[in-house]
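> below: sequence and its predicted model.
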Amino acid sequence: MRETAPSPPNYDVGVRLLSERKFEDALKEFRRVVAVDPKHANANFQVGRILLEAHRADQAIWYFSRAANLSPDRPQVWAGWAEAVALGGNSEERQACLEALNLATLDAKLKIMRQDRF
């Protein structure tokens, strides 16, 4: 019996799994994408989102931070990062998020909303 090789990581497969509410499978797929392409902003964001929804905010922080660095103009990335830090971050992680947020080119109202989260 011949074993088949695993399929290469695929962001679209992760999105499909997410839409089917197969969260753990989607998380695995997005993590596979990030492992192959650490600069894939959307995959980092999706990992963060799933971890945050799974009440694993402390694990989500790193992925949101990376997504914000890769895609700093996306408000939803900053919202996720702020939420994760508020729920599971320590003082150093809060400070890092605030410093990055202050340097971001987001609308001032959005910055204030994120800062007010914690």
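Structure received.

> which phi and psi does P8 have?
The phi/psi pair for P8 (degrees, to the nearest 10) reads phi -70, psi 150.

> would you mind measuring from the nearest residue to it once chain neighbours are set aside to Q115?
Nearest non-adjacent residue to P8, counting by C-beta to C-beta, 6 or more residues apart in numbering: V36, 7.5 Å away. Using the backbone N, CA and C atoms, a C-beta is placed for each residue, glycine as well. According to C-beta to C-beta, to the nearest Å, V36 stands 34 Å off from Q115.

> now D37
With C-beta to C-beta as the criterion, D37 and Q115 are 31 Å apart.

> residues of the helix-or-strand element of the chain with minimal mean pLDDT that come out buried?
When each helix and strand of the chain is scored by mean pLDDT, DSSP states H and E, helix 108-115 comes last, with a mean of 79. For helix 108-115, burial by neighbour count (16 or more other C-beta atoms under 10 Å) applies to K111, R114.
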